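In: Got a sequence here, can you model it:
(2 chains)
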Amino acid sequence: MLDIRYIRDNTEAVQQSIARRGLVLDVEELLTVDATRRRLIAEIEAVQGSRNTIAAQGKTTKPSNEQISQGKELKSQHEALELELNNTLAHYNDLLSEVPNIIAEGTPDGDEESNQEIDKWGKTELGFEPKDHLEISKLYNLYDFEAGAKVSGSKFYFTRHKAVKLWQAIQLATQEIVEAAGFELISVPHLVTTEVAAGTGFLPKGEENQNYLDKEQGLVLIATSEIPITGLHSNEVLELGSAIKYAGISPCYRLEAGSYGKFSKGLYRTHQFDKLEMYVFCKADQSAATLQAILKIERQICEQFEIPYRVVRIAAGDLSAPAYEKYDVEYYSPVDQRYRELTSCSNCTDYQARNLNIRYRDDDGKLAFAHTLNGTAVVSSRMPIAILENHQTADGRVILPKPIAKYYGSDEL
RNA sequence: GGAGAGGUGGCCGAGUGGUUGAAGGCGCUGCUCUCGAAAAGCAGUAUCCGCCUUAGGCGGAUCGAGGGUUCGAAUCCCUCCCUCUCCGCCA
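Out: Below you'll find the predicted structure:
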């Protein structure tokens, strides 16, 4: 969430961010509720002050009947005000949590279509009619969607022999790159409490829930390791002399509700996949540079795996609520001769940290909210697609790039 | 799953209804002493929220979390969470 004081002092900037994201939100209503909230707090504190005065007198002398009845009166006043405050607070929190982060300078206007290409890398010509990843999968018996559907429903799949080894090799090769960049590998719980899920902003109150939720146990299957990692440091004051950098490894479970209309062939969009995720906690003045560093690693991964890609800056209307600035790295699909999302990275500034109360001491010794950033290192669904489609040969073989071949144990699938 | 013990400030630890935001100790910061350091002494040492404000001040909240009893709760009652020990079960 945003700082309410910031919203009060920069109402116009906040309204602009909302409008540019294509959202409709009444900031004036929030400010009205906030004023009511503060009025009630002041009234409650005044009543409580009087109660405390009476109670303090009782410490030295036995309270008189008059004091006791006065105390009773104040107590009931306090209860009534408290009830009113709680109602106000519920409304206030609802409104406040809906306000998205502000938007970085240089963010293009418009929605998804306005995402702005920054640059491209790599050769895109194969020189023959390419097979798509599903055809290659059939050829080598890699991914079994029918079997997945049989036991779990559509968009689930079994990963078989060579594909298992391929993913493990991709993962190890990626770990090597990410560890060299100073990220600590961390494996996380795959289930988190609803509080943590809500705190990280992954459990919206509306109908758009994308998470598997066990109401009885109060646990949510994680959609990304970002959720337990942010939860890990909630309510902490971090030592951020140097940034804390995690490479979270976990499966990701997603409902993908309402995604059928979008491109979602085969492995591209599934209910379950594995991911290696970069996640950084840093000081406020470091987050802009850190985002570029994460983006550089994502480029490096593509380049080492010899995947043609382009980098795209995400437009205001396509930004998620916590994101201040975001880039996507898109792999080239020789099958349909276009770029598709492979990885992405965003700077959430202090938006997430404020929700979870993650702070650090700045150079003046004052407490400040940490900045958080996240970036995909590699995903078990999309990277194999990119590898299979880009590294196939005219005669149906798949030649593996060197860093992957090293762990796969062979330079050919 | 069963039985028991416990959760107090950065840490240890006292405290079972009335100046207890919380003794004492450790740590930390500043000062004194010293050529310097150590030791010793003195002083200080939380966070969040609201209000007034230039600094600063005033008020409120916080003893695992949430409810309750009471004029008054760290202290009493209820619910929940977590940690530890023992037993059981088990990859």
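In: Need the residues that contact stretch A:366-373.
Out: Residues from elsewhere that reach stretch A:366-373, judged by CB atoms under 8 Å, 6 or more residues apart in numbering: A:230, A:233, A:237-238, A:240, A:278-284, A:286-287, A:290-291, A:294, A:345-354, A:358-362. Backbone N, C-alpha and C define where each C-beta goes, glycine included.
In: Show only the entries of those found in strands.
Out: Residues of those located in strands (DSSP state E): A:237-238, A:278-282, A:345-347, A:358-361.
In: filter the contacts of stretch A:366-373 to the buried ones?
Out: Buried by 16 or more other CB atoms under 10 Å: A:230, A:233, A:238, A:240, A:278-284, A:286-287, A:290-291, A:294, A:345-354, A:358-360, out of the contacts of stretch A:366-373.
In: where does the residue in the stretch 151-300 of chain A that RNA strand B sits nearest to sit relative to A:Ser250, distance-wise?
Out: Of all residues in the stretch 151-300 of chain A, A:Val237 sits closest to RNA strand B, at 7.9 Å by CB to the nearest atom of the strand. From A:Val237 across to A:Ser250, the span is 26 Å (CB to CB, to the nearest Å).
In: Where does the prediction get shaky in chain A?
Out: For chain A, the stretches flagged by pLDDT under 70 are A:203-208, A:258-263.
In: Quick check: next helix or strand after the longest helix seen in it?
Out: Secondary structure of chain A per DSSP state H: the longest helix is helix A:65-98. The element immediately downstream of helix A:65-98 (helix or strand, assigned by DSSP states H and E) is strand A:116-121.
In: Direction included, what does that following strand pair up with?
Out: Applying DSSP bridges to the sheet, strand A:116-121 is found paired with strand A:309-313 (antiparallel).
In: which residues touch the strand it pairs with?
Out: A:106-108, A:115-122, A:295, A:299, A:302, A:326-332, A:339, A:342.
In: Any chance you could give me that strand in CSV, C-alpha atoms only?
Out: Output of strand A:309-313 as CSV, limited to C-alpha atoms (Å, rounded to 0.1, in the frame of the first residue of the first chain):
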residue,chain,number,x,y,z
TYR,A,309,14.9,-12.0,-27.3
ARG,A,310,13.8,-8.4,-26.9
VAL,A,311,13.3,-6.3,-23.9
VAL,A,312,10.0,-4.4,-23.4
ARG,A,313,9.1,-1.7,-21.0
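In: what separates that strand from the chain centre, distance-wise?
Out: Strand A:309-313 has its C-alpha centroid displaced from the chain centroid by 19 Å (CA atoms, centre = their mean, to the nearest Å).
In: Same check on stretch A:21-38?
Out: On CA atoms, centre = their mean, the centre of stretch A:21-38 falls 25 Å from that of its chain.
In: Would you mark the buried spots in it?
Out: Along stretch A:21-38, these residues count as buried under the neighbour rule (16+ other CB under 10 Å): A:Arg21, A:Leu25, A:Val27, A:Leu30, A:Leu31, A:Val33, A:Asp34, A:Thr36, A:Arg37.
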